[in-house]
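Q: What follows is a predicted structure for the sequence shown.
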Amino acid sequence: MSEKLYIVIPAYNEEDNIKNVAEEWYPIVEKYGTESQLVIINDGSKDNTLSLLKELEVDMPLLTVLDKTNSGHGATLLYGYHYALEQGADYIFQTDSDGQTLPEEFAVFWENREKFDAVIGYRNHREDGASRVFVTKVLKLVLRMIFGVKVTDANTPFRLMTRDVLSRYIGEVPHNFNLTNVLLTVFFIKGGEKVHFIPITFRPRQGGVNSINFKRIIKIGIQAFKDFRKINTIWVENHKTKE
């Protein structure tokens, strides 16, 4: 049985973190699955992120570096997910390039891969600031109001998805949508898929500066609220037709 694991990591201006992150996650693709790959997507970084990745690629045969023009975190995730599916990945795992998550917590997710369609981490004790905790709580409320779903943590960058479940829903995420993981989580739950949440450690950013500040988060949130309402209407109509 094929168990090709692709780990997808988007990166934008992460020269302070990217070497450590790649070196931390590379042993995971060496250990788990068959023909697995660590895929890091440079989202048009303006610093030395890409050159550092190219240096790492020389000595890491299971590392694939993709380079694209800047389009934001959500669009870069979609780009990476589509790439993994095109390459025949059986399991797709996603995390971020800021060093906030721990590779050693991946094992329990892999152990649950055959029991669930998606295994998603939830940030039980976050160390990235009260403002971000507040945003997560507001997001949880908004998703309940608009989509009618109760989600433990919709946007966690620590998730293992089967090929089948990702393939079923990725086409329903609008192109260049900023909150790709949020929508996928919602779609999985609304679609009745087997989703399991596991608590994870979520450290402070390990280096560099976050490219999205609180003011921008609020702006994204306001736009997302409007988009969510439209997307939910489309979802309801599409799935009425399917029924």
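A: Done, it's in. Computed from a predicted model, the values in this text were never measured in an experiment.

Q: quick one, helices of this protein?
A: 18-31, 49-59, 73-86, 106-111, 130-147, 163-169, 180-190, 214-242 (DSSP state H).

Q: Asp67: which of those is closest?
A: Closest to Asp67 of the helices of the chain is helix 49-59 (CB to CB; 5.9 Å). Every residue, glycine included, has its C-beta placed from N, CA and C.

Q: So which elements touch the closest one?
A: helix 18-31, strand 37-43, strand 63-68 (3 or more CB pairs under 8 Å, 6 or more residues apart in numbering; DSSP states H and E).

Q: got JSON lines for the ones you listed, with mean neighbour count and mean pLDDT too?
A: As requested, the helices and strands packed on helix 49-59 are exported to JSON lines (neighbours: other CB atoms under 10 Å; pLDDT from 0 to 100):
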{"stretch": "helix 18-31", "mean neighbour count": "18", "mean pLDDT": "97"}
{"stretch": "strand 37-43", "mean neighbour count": "24", "mean pLDDT": "98"}
{"stretch": "strand 63-68", "mean neighbour count": "17", "mean pLDDT": "98"}
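
Q: if we can go back for a sec, which stretch in the helices of the chain has the least confidence?
A: Mean pLDDT is lowest for helix 214-242 out of the helices of the chain, coming in at a mean of 77.

Q: quick one on the thing from earlier: out of the helices and strands packed on helix 49-59, which comes closest to Phe93?
A: Closest to Phe93 of these is helix 18-31 (CB to CB; 8.1 Å).

Q: export that closest one as PDB, just CAs?
A: Taking C-alpha atoms only, helix 18-31 is exported to PDB below (Å, rounded to 0.1, in the frame of the first residue of the first chain):
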ATOM      1  CA  ILE A  18      13.800  28.600   7.300                       C
ATOM      2  CA  LYS A  19      17.100  26.600   7.800                       C
ATOM      3  CA  ASN A  20      16.000  25.400  11.200                       C
ATOM      4  CA  VAL A  21      12.500  24.600  10.100                       C
ATOM      5  CA  ALA A  22      13.700  22.600   7.100                       C
ATOM      6  CA  GLU A  23      16.200  20.700   9.200                       C
ATOM      7  CA  GLU A  24      13.600  20.000  11.900                       C
ATOM      8  CA  TRP A  25      11.000  18.700   9.400                       C
ATOM      9  CA  TYR A  26      13.300  16.800   7.000                       C
ATOM     10  CA  PRO A  27      13.700  13.800   9.200                       C
ATOM     11  CA  ILE A  28       9.900  13.300   9.200                       C
ATOM     12  CA  VAL A  29       9.800  12.700   5.500                       C
ATOM     13  CA  GLU A  30      12.800  10.400   5.800                       C
ATOM     14  CA  LYS A  31      11.000   8.300   8.500                       C
END
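
Q: when you compare where that helix runs with where strand 63-68 runs, what's the angle?
A: Here helix 18-31 runs at an angle of 130 degrees relative to strand 63-68 (axes from the mean of the first three to the mean of the last three CA atoms, to 10 degrees).

Q: all numbers from here: first residue = 32
A: Yep, numbering from 32; the last one is helix 49-62 now.

Q: centre of the chain versus helix 49-62, how much separation?
A: 16 Å (CA atoms, centre = their mean, to the nearest Å).

Q: contacting residues around that helix?
A: 36, 38, 40, 42, 45, 67-69, 71, 80, 83-84, 87, 91, 93-94, 126, 128-130, 134, 137, 237-238 (CB atoms under 8 Å, 6 or more residues apart in numbering).

Q: Out of those residues, which end up buried?
A: Using 16 or more other CB atoms under 10 Å as the burial test, the contacts of helix 49-62 include 36, 38, 40, 42, 45, 67-69, 71, 80, 83-84, 87, 91, 93-94, 126, 128-130, 134, 137 as buried.

Q: Wait, Asp121 touches Ser67, no?
A: No: contact criterion CB atoms under 8 Å: Asp121 and Ser67 do not qualify, at 9.4 Å.

Q: show me what contacts Ser198?
A: So Ser198 contacts Leu116 (CB under 8 Å, 6+ apart).
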